[in-house]
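Participant: What follows is a predicted protein model with its sequence.
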Amino acid sequence: MEKIIKSFAIAILMVNSVALMAQNTQLSRKELLKTGLDQKVKTAEIQEVTIAAGVAAPEHLHPCPVLGIIKSGDAVFQIEGQQKIILHEGDAFYEPKNVKILHFDNASAEKPLIFSAIYLKEGNEENIKLLK
């Protein structure tokens with residue numbers, strides 16, 4: 001608990017420092033995603049993923065929570081039990097751990113889909129488990 005409190009205190013100090021610097025420059029911030037996590041995070045792994053034009057990812061799940069942002073292109077995204085949505089360039093997404101991802105497909109038949117994925121790990125979890 002003490003480590004968590006120290007981490008939050010450091011984060012608050014960093015945010016305050018950035019806020020003070022921002023007052024002297026033209027800087028804007030836009031919240032893309034805010035979500036709770038269902039585990040302690042000990043490590044994070046960031047990957048850039050490219051899905052070729054017209055390709056659909058197989059059904060899968062992640063043994064750890066995944067945060068991400070679409071860098072280029074559009075994705076058809078659906079978590080089991082939720083509606084299918086389209087993610088566009090600049091959109092952020094969250095894939096909860098151990099929940100089936102029905103769709104993470106490139107919506108374009110002409111251009112690749114590129115996104116950054118941040119895997120939030122508690123231990124030695126795999127990044128992805130394919131289901132089909």
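Facilitator: Great, that's in hand. Numbering: from 1, shown residues only.
Participant: Who's the closest spatial neighbour of Gly73, skipping the chain neighbours?
Facilitator: Counting by CB to CB, 6 or more residues apart in numbering, Leu113 is the residue found nearest to Gly73 once chain neighbours are left out, at 3.8 Å. Bear in mind the C-beta positions are built from the backbone N, C-alpha and C, glycine included.
Participant: Glu126 too?
Facilitator: In space, Glu126 comes closest to Pro63 once its chain neighbours are excluded; the distance is 5.5 Å by CB to CB, 6+ apart.
Participant: Just the strands from this protein, written as ranges.
Facilitator: Remark: strands assigned in the chain by DSSP state E are 43-51, 60-61, 66-72, 75-79, 85-87, 92-95, 101-106, 113-121, 129-130.
Participant: Let me see the contact set for the residue nearest to Gly73.
Facilitator: By CB atoms under 8 Å, 6 or more residues apart in numbering, the contact set of Leu113 is 50-51, 70, 72-75, 106-107.
Participant: Neighbour-wise, give me the winner out of these.
Facilitator: Neighbour counts for those, by other CB atoms under 10 Å, peak at Ala75, which reaches 25 neighbours.
Participant: can you tell me how far it sits from Phe104?
Facilitator: 6 Å (CB to CB, to the nearest Å).
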